[in-house]
Each structure stands twice: as C-alpha cells, then as structure tokens.
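>>> sequence first, then the predicted structure:
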Amino acid sequence: MNNGLTHLAKSIAVITIGCFFVWSCENDIRDVQNLNKKAINVEEAKQIESYLSENGKVKAKLTAPLMLSYQKDTPRMEFPKSLHVDFYNDSIKIESKLSAKFGRYLQNENKVFLRDSVVVFNMKGDTLFCRELYWDQARAIFYSDKNVIRHSPDSKIYGKGMIADQNFKWFTIKHPYNSYINVPDSSFLNQ
C-alpha cells in the first residue's frame, strides 16, 4: 500500500511539475509578432569599416562598433554606440577626423546627423566641439544651430551655430560670444 501511495505521489508531482513547465513556457502571441517585426525591419552589423570614395579616390573611412540599417519607412542607418570617421585629402593622407557617440545617415536626404560629444579636428590643430552636427554630403558642408566651440592654436571661439566645408578647411561661427583670438605683434606699428 505504501508503495502504491509513493508511486501515486510521484506521479502527481511529475504531472504538476510538467503542467508548471508547460504553463510557464507559453508565449504571448503579441510578443512573438513584435520579435518578428524587429527582425524583419532592422539589419544589424558589428565592427563596421566602410569607405567613401569620389572619382575613384578614397575620401573617408568610417568605423563603428554597431550599425543598424532600417529599410522600412525612412531608410536610414544608425550608429548607436559611437562612430569615427577619417577624412582624406587627394594624397590619401588624413586631413581631419570626426567622432561622435551617435550617428544617423538618412539615405533619401544624403545627410548625416551626429550627436553627443561630437568632436572634429584637422591636422592644422583646429578642433570643433558640439552637441549636434549635420553633414550635408550633397553640398559638402557641416553645419549646426547648437552651441559650438572652435579651438585652434591661437584662438578659442564660442558660438551658437556654425558652418564649415566637409574638410574643415574653412569655418564660420555664427553668433560668437566670450571668445578670444591671439593677434601676432605687428612690427609695422612700431615704426
């Protein structure tokens, strides 16, 4: 009799545990559908290295730890974990560098939006710091309407808004404030 009760108790325990596992593994159909939507609409790539060329010459090299590509609605590529770009001159030497914690490339507009700790510097020693920066590839310019700081060996210019060519050979700081520029001593004034 004891053997029969032990067997019955074990059977009930196995059935109860089995029901628990079956019940706990059930998925909500909406959760499953949402997973499928995410997988279909987003392509993910890691350790990206991409080159931009014009007329057969390398103009820029982009590196990023993660890229998400969205093809539905507004086709775009996002770099949610930072990105770095090296810009090259015609001799394929680095002319300027750019880094940001977030980037988005809007394919239909041919524009790049950068935000969070955006830093750009060129080999002449000029550095640009800003929170947001746009790169219009069709017009070959960078611009921002947010606060910016341009630091060079002989000046530090604060301003709200800026525009520059994509090689950062020229800058225009809009609405400058609290800035300084070191002017070299002019010997012709002493004559």
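Looks like it arrived, so ask away.

>>> the bottom helix or strand of the protein by mean pLDDT?
helix 2-24 (a mean of 55; mean pLDDT, DSSP states H and E).

>>> so which bits of stretch 130-139 are buried?
For stretch 130-139, a neighbour-count test (16 or more other C-beta atoms under 10 Å) marks 130, 132-135 as buried. Where C-beta positions appear, they are placed from N, C-alpha and C, glycine not excepted.

>>> disregarding residues adjacent in the polypeptide, which is nearest to Lys146?
Glu132 (4.7 Å; C-beta to C-beta, 6 or more residues apart in numbering).

>>> relative to Ala100, how far out is that neighbour?
9 Å (C-beta to C-beta, to the nearest Å).

>>> what is in contact with these two at once?
Counting by C-beta atoms under 8 Å, 6 or more residues apart in numbering, the contacts common to Glu132 and Ala100 are 114-115, 118.

>>> and these, which of them are buried?
114-115, 118.

>>> okay, and which of the shared contacts of Glu132 and Ala100 map to helices?
The members of those all map outside helices under DSSP state H.

>>> any chance of the residues you listed in JSON lines with pLDDT and distance to Pro65 as columns?
Shown next, in JSON lines, are the shared contacts of Glu132 and Ala100 (pLDDT from 0 to 100; distance: C-beta to C-beta, whole Å):
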{"residue": "Leu114", "pLDDT": "97", "distance to Pro65": "16"}
{"residue": "Arg115", "pLDDT": "96", "distance to Pro65": "17"}
{"residue": "Val118", "pLDDT": "95", "distance to Pro65": "17"}
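
>>> can you put those residues in JSON lines and add distance to Leu52?
Below are the shared contacts of Glu132 and Ala100 laid out as JSON lines (distance: C-beta to C-beta, whole Å):
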{"residue": "Leu114", "distance to Leu52": "15"}
{"residue": "Arg115", "distance to Leu52": "20"}
{"residue": "Val118", "distance to Leu52": "18"}
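
>>> closest to Lys124 out of those residues?
Lys124 has its nearest neighbour among the shared contacts of Glu132 and Ala100 in Val118, at 18.7 Å by C-beta to C-beta.
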